[in-house]
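Asks: Structure of the sequence below:
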Amino acid sequence: MKYTAILFMIWVYANLTTSLMAQSEQGYILGMKNFEKSFPAENSDQEYLADIYQESYSDGNNLLKDKHHTLDINSFTFTFNHLAISVKDINRSVEFYKNVLKLTEITNRTKIEGIRWFSLGEGQEIHLISILPDKVTINKAVHLGLTSPNFDTIIEQLTEMNIVYSDWSGTPNKINMRADGIKQIFFQDPDGYWIEVNNVAQK
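Replies: The predicted model follows:
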């Protein structure tokens, strides 16, 4: 008796799945008729199972509508989350980002040794990753752009720490003046990554 009930439920599920393929109103009617035909006339639960068909059909249509709605959106509304860079010596890089840029180290939620995270503020982060052996070659066009209301103080600190900064063309210890009047300087971290600091935050 137990196995008969299980086989009956499998049979019900197979017929229900086939019937749910009807998507239009006409298909719904046809599907409903086919669904009803799949049950023996003496089945006292036929009306109850027919209700299940109707609810499942409605849920299926709503799911299709939600899927199409998702595909029709015009923007994913991205916001910046983090920048990850490959470094050779994790401790050396940590000292640079902590002492030169004064960034606050935060919890490395990967829990992987050789990776350290720093906060850039407002939920934005930079991740230092030392677990990959690949050599990274980059130029000044690929850079981390930061702004600070303490632009002049940063230049003084770089000078005191003997860290050379330059303008865009590479002239040492010279401030770059952008066309819109923004001041910029460029310098490198221990692995050669370029960092821009500008005074947008002072405007």
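Asks: all helices of the chain, in order?
Replies: With DSSP state H as the criterion, the chain has helices at 2-19, 25-37, 46-71, 90-95, 151-160.
Asks: Tell me how confident the model is about the second one, as a mean pLDDT.
Replies: Across helix 25-37, pLDDT averages out at 52.
Asks: same thing with the longest one?
Replies: For helix 46-71, the mean per-residue pLDDT is 54.
Asks: Low-confidence bits of the protein, can you list those?
Replies: For the chain, the stretches with pLDDT under 70 are 1-72.
Asks: Near S166, how many other residues are there?
Replies: S166 has 19 neighbouring residues, counting by other CB atoms under 10 Å. Just so you know, the C-beta spots here come from the backbone N, C-alpha and C atoms, and that holds for glycine as well.
Asks: Give me the distance between the two termini of stretch 139-158.
Replies: The first residue of stretch 139-158 is 21 Å away from its last residue (CA to CA, to the nearest Å).
Asks: Any chance you could list what contacts it?
Replies: Here stretch 139-158 makes contact (CB atoms under 8 Å, 6 or more residues apart in numbering) with 83, 100-101, 120, 126, 164-165, 168, 170, 175, 183, 185-187, 193-202.
Asks: Repeat the analysis, applying 10 Å as the threshold.
Replies: Residues outside stretch 139-158 that contact it (CB atoms under 10 Å, 6 or more residues apart in numbering): 83, 85, 99-103, 120-121, 126, 136, 163-166, 168-170, 173, 175, 182-189, 192-203.
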